[in-house]
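In: Could you look at this predicted model? Sequence included:
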Amino acid sequence: MKISQLVHLTDAKTCPRLVVKVGSALLVGKDGAPRREWLTALVAEIAAARAAGQEVIVVSSGAIALGARKLGLAKGGRGSLSDAQAAASVGQIALAGLWAELLAAHGLTAAQILLTLEDLEDRRRYLNATATLGTLLAAGAVPVINENDSVATQEIRFGDNDRLAARVGQAAGASGVLLLSDIDGLYDRDPRQPGAVRIPVVKGVTPEIHAMATGGSSSGLGSGGMTSKLQAAEIAELAGMALAIIDGQPTSPIATAMSAERGTLFLPRGRKQARKAWLGGRMRMRGSVLVDAGAAAALKRGSSLLAAGITGVEGDFQRGDAIAVIGPDGETLARGLSEYDAGECSRLKGRHSREHEDILGYAPRSALIHRDQMVLL
């Protein structure tokens with residue numbers, strides 16, 4: 001049975017493994033202290049889901065906000081990178097302790113995992129994370145995950161936990177991702193405008209859907225906005241997961257949203273083979289190649305990418321790096337692992353396969369990106 005309604009996310013039969021993302025503004029009050037009463041009610045919902053046979057992974061923000069209060073840092077600890085890293089170092093202890101304490105009250109064991117972007121972009125580290133999550137869930141633990149903000153820099157960070165939640169769900173083989181937000185879903189325009197309408201179901205994140213988003217976080221505590229949530233939905237749909245945005249502000253927010261059927265559900269595409277799902281969810285490309293209309297059409301028919309269809313090369317990438325394939329209209333068509341470095345791609349672009357050996361001085365590979373190492377978007 002496929003997930004087609006919001007309530008299916010809380011049913012162990014349709015969604016046996018669920019990722020629940022909790023934002024800073026929900027977990028931490030404006031005074032910088034944890035909202036214990038609200039969190040206690042949420043943990044009770046998670047415990048009930050576990051008792052009903054659903055495995056739950058928590059992606060929890062809040063370390064920087066909690067740490068900033070303890071250290072007395074201005075701007076919620078986000079005034080500078082060094083402030084954020086220091087606040088995260090202090091706050092993560094408090095955050096993990098809070099989750100461990102409240103889950104233990106229901107007989108559940110919390111397991112802390114801190115991740116950076118590279119942990120899920122590097123294939124080997126991604127597989128290690130997948131194995132760890134699987135072992136923890138099989139043992140009955142509740143993984144509580146956050147970005148490792150104490151060491152992450154701008155170049156190696158997700159920047160928000162919405163996309164982290166989607167990537168964690170992908171690594172864990174989850175069926176659904178539930179984003180608890182300060183808004184009850186996606187609206188067709190800024191929800192503060194008169195006549196704004198909430199969209200209950202989205203079948204594919206299109207440019208028109210992106211145009212509805214407003215960036216930024218209304219609370220000032222978090223780092224994400226609707227744009228980051230749509231990017232998370234794109235990662236989820238490529239991995240064959242459903243993703244929903246619900247209002248996390250009420251007490252017992254999950255039950256409240258489900259009983260009112262209020263939120264936005266992004267429907268999944270068909271689940272892809274694991275390696276292609278990982279490729280599709282990657283957030284950082286090392287470079288890109290531009291292709292002509294003929295190559296674009298061939299890719300959509302399931303062909304590998306040949307150098308003859310390349311019109312341009314951008315970036316400084318090596319063989320095996322993930323690169324984007326850009327169509328003649330500027331749209332990203334695919335992502336894949338390059339069989340050549342950027343310099344070789346530049347020399348081969350537009351040239352027929354029979355010329356490659358003379359150009360390179362060695363026997364060429366079968367394609368610039370093989371279809372088995374590429375995912376269409």
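Out: It's in.

In: At which residues are the strands of the stretch 51-200 of the chain located?
Out: Under the criterion DSSP state E, counting those that start in this stretch, the stretch 51-200 of the chain contains strands at 55-60, 110-115, 142-147, 176-181.

In: do you know which of those strands lies nearest A367?
Out: Proximity to A367 (C-beta to C-beta) singles out strand 110-115 among the strands of the stretch 51-200 of the chain, at 32.6 Å. Where C-beta positions appear, they are placed from N, C-alpha and C, glycine not excepted.

In: pLDDT (mean, whole number) over the closest one?
Out: For strand 110-115, mean pLDDT rounds to 95.

In: where's that strand relative to the chain centroid, distance-wise?
Out: Here the centre of strand 110-115 is set off from its chain's centre by 16 Å, with C-alpha atoms, centre = their mean, to the nearest Å.

In: And stretch 111-124, by the same measure?
Out: Distance of stretch 111-124 from its chain centroid, counting by C-alpha atoms, centre = their mean, is 12 Å.

In: And for D329, the neighbour number?
Out: D329 has 8 neighbours, counted by other C-beta atoms under 10 Å.

In: mind checking how far it is from I369?
Out: Using C-beta to C-beta, to the nearest Å, we find D329 at a distance of 19 Å from I369.

In: Just the CA trace of stretch 248-264, in CSV.
Out: What follows is stretch 248-264, C-alpha atoms only, in CSV (Å, rounded to 0.1, in the frame of the first residue of the first chain):
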residue,chain,number,x,y,z
GLY,A,248,4.5,21.7,14.9
GLN,A,249,3.3,24.4,17.3
PRO,A,250,0.3,22.7,19.0
THR,A,251,0.8,20.3,21.9
SER,A,252,0.9,16.7,20.5
PRO,A,253,1.5,18.2,17.0
ILE,A,254,1.4,15.0,15.0
ALA,A,255,-1.9,13.8,16.3
THR,A,256,-3.3,17.3,15.9
ALA,A,257,-2.3,17.5,12.2
MET,A,258,-3.5,14.0,11.4
SER,A,259,-6.9,14.4,13.0
ALA,A,260,-7.5,17.7,11.1
GLU,A,261,-5.8,16.3,8.0
ARG,A,262,-3.9,19.6,7.8
GLY,A,263,-0.5,19.9,6.2
THR,A,264,1.1,19.4,2.8
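
In: contacting residues around the closest residue to G312 other than its chain neighbours?
Out: Spatially, and ignoring its direct neighbours in sequence, G312 is nearest to L290 (3.7 Å; C-beta to C-beta, 6 or more residues apart in numbering). Applying C-beta atoms under 8 Å, 6 or more residues apart in numbering to L290 gives the contacts I310, T311, G312, V313, E314, I326, G327, P328.

In: Any idea what L290 is bridged to?
Out: L290 has the following beta-bridge partners by DSSP bridges: G312, I326.

In: Tell me the pLDDT of it.
Out: On the pLDDT scale, L290 gets 96.

In: wait, which of the contacts of L290 is closest to T130?
Out: I326 (29.7 Å).

In: any idea how far the closest one lies from G320?
Out: On the measure of C-beta to C-beta, I326 and G320 end up 20 Å apart.

In: who has more neighbours, the two?
Out: Between I326 and G320, I326 has the larger neighbour count (other C-beta under 10 Å), namely 19 against 13.

In: Mean neighbour count added to the strands of the stretch 51-200 of the chain, as CSV?
Out: As requested, the strands of the stretch 51-200 of the chain are exported to CSV (neighbours: other C-beta atoms under 10 Å):
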stretch, mean neighbour count
strand 55-60, 24
strand 110-115, 19
strand 142-147, 24
strand 176-181, 29
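
In: and the closest residue to L27 other than its chain neighbours, how many residues sit next to it?
Out: Distances taken as C-beta to C-beta, 6+ apart place G62 nearest to L27, at 4.2 Å, with adjacent residues excluded. G62 has 28 neighbouring residues, counting by other C-beta under 10 Å.

In: hang on, the earlier thing: ok, the residue nearest to G312 to Q193 distance?
Out: As judged by C-beta to C-beta, L290 and Q193 stand 38 Å apart.

In: Run a quick neighbour tally on S346.
Out: Burial of S346 is recorded as 14 neighbouring residues (other C-beta under 10 Å).
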